[in-house]
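> Predicted model, plus sequence, below.
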Amino acid sequence: MTKIVVIVATHKKYRMPNDSMYLPVQVGAENKADIGYVKDNTGENISIKNPNFCELTGLYWLWKNVPAEYIGLVHYRRYFVSKRGFDKWKCIASQNEIEDILRHIDVILPHERNYYIETTYSQYAHAHHRTDLDMTRKIIVEKYPQYVDAFDSCMERTSGHKFNMFIMKRAIADKYCAWLFDILFELDKRLDISEYSPNDARAVAFVAERLLDVWIKTNGVSYKELPVLFMEKQNWVVKGTKFLGRKFEGQRC
């Protein structure tokens, strides 16, 4: 069995890390042109659901089809990093560094993102549709009531682990993915997104970002946070303006 596989979710050709731990996967590959990477529409897959599940179609493919002692998910523009430097590509965490960390803890997560003036729930409600989270809570009450307290607590926090990024021991990832996709498939069935914008139609993936902490909190899983490096420039002025507009003017950008 392979020691560790971290897929790099991508929908286009892009520079990739040299470390053999990283496996570029074309997500949403069903009915799309081949870009030269492993496709998420092989084996057991949900590739067709990519418009709503985004990078999670890659995670599902990894979970169902790739045997490895550790599995993880990063993005072609976002990686865990172990150091800082002028050459971003040399800062990406290596297999040796990841293995050293996972000898002592169960999960690697990105540093928490803090919204300061927004809770997880209010930030989502201002940016998307609060119905998505309300429906998710109903599903958790019905199927996993032992997670309700953690869900409510996480919704009231102003920070959380985002991006659907992690690296986990396989046994833990199996349990997490079984729980996560059971909830998400039910959410996908119940949500009416017929009037959603293309961005808001990605609701299942957005909700999944908020569920990781719920699962971690309920199960008392040990974790270590690593910084996340964006491989492309982020316009924080624009992002901040949109964030404040949604908060104080009811804009949904």
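Received the coordinates, thanks.
> ok, and the closest non-adjacent residue to Ala205?
Cys54 (3.7 Å; CB to CB, 6 or more residues apart in numbering). Heads up, the C-betas are built off the backbone N, CA and C, glycines and all.
> Just to check, Met1 is in contact with Val66?
No: counting by CB atoms under 8 Å, Met1 stays clear of Val66, with 9.8 Å between them.
> Neighbour count for those two, which is higher?
Applying other CB atoms under 10 Å to Met1 and Val66 shows that Val66 carries more neighbours, namely 17 against 8.
> Name the nearest residue to the more buried one, sequence neighbours excluded.
Val66's closest residue in space is Val5 (CB to CB, 6+ apart), at 5.3 Å.
> do the same with Asn219
Nearest one to Asn219, counting by CB to CB, 6+ apart, is Lys175 at 7.8 Å.
> packing partners for the helix or strand hosting the one you found?
Counting by DSSP states H and E, the element that carries Lys175 is helix 170-190. For helix 170-190, the packing partners by 3 or more CB pairs under 8 Å, 6 or more residues apart in numbering; DSSP states H and E come out as helix 50-53, helix 56-65, strand 68-75, helix 130-143, helix 203-219.
> Burial-wise, tell me which of the ones you listed comes out on top.
helix 56-65 (a mean of 23; mean count of other CB atoms under 10 Å).
> And the contacts of that helix?
For helix 56-65, the external contacting residues (CB atoms under 8 Å, 6 or more residues apart in numbering) are 5, 7, 9, 25, 27-28, 40, 42-47, 49-50, 53, 71, 73, 164, 173-174, 177, 181, 184, 204-205, 208.
> Next, the angle from it to helix 203-219.
50 degrees (axes from the mean of the first three to the mean of the last three CA atoms, to 10 degrees).
> Show me how far helix 56-65 is from its chain's centre.
12 Å (CA atoms, centre = their mean, to the nearest Å).
> I'd like the average pLDDT over that helix.
Helix 56-65 shows an average pLDDT of 98 in the prediction.
> Likewise for stretch 31-47?
98.
> Also stretch 166-177?
98.
> for the residue nearest to the spatial centre of the chain, helix, strand, or coil?
Geometric centre of the chain, nearest residue: Asn164, 1.0 Å, by CA atoms, centre = their mean. Of the three states, Asn164 takes coil under DSSP: H, G, I helix; E, B strand; the rest coil.
> mind listing what it touches?
Counted by CB under 8 Å, 6+ apart, Asn164 has contacts Cys54, Glu55, Leu56, Leu59, Leu73, Ala205, Ala208, Glu209, Leu212.
> Having no further points to raise, I will conclude here.
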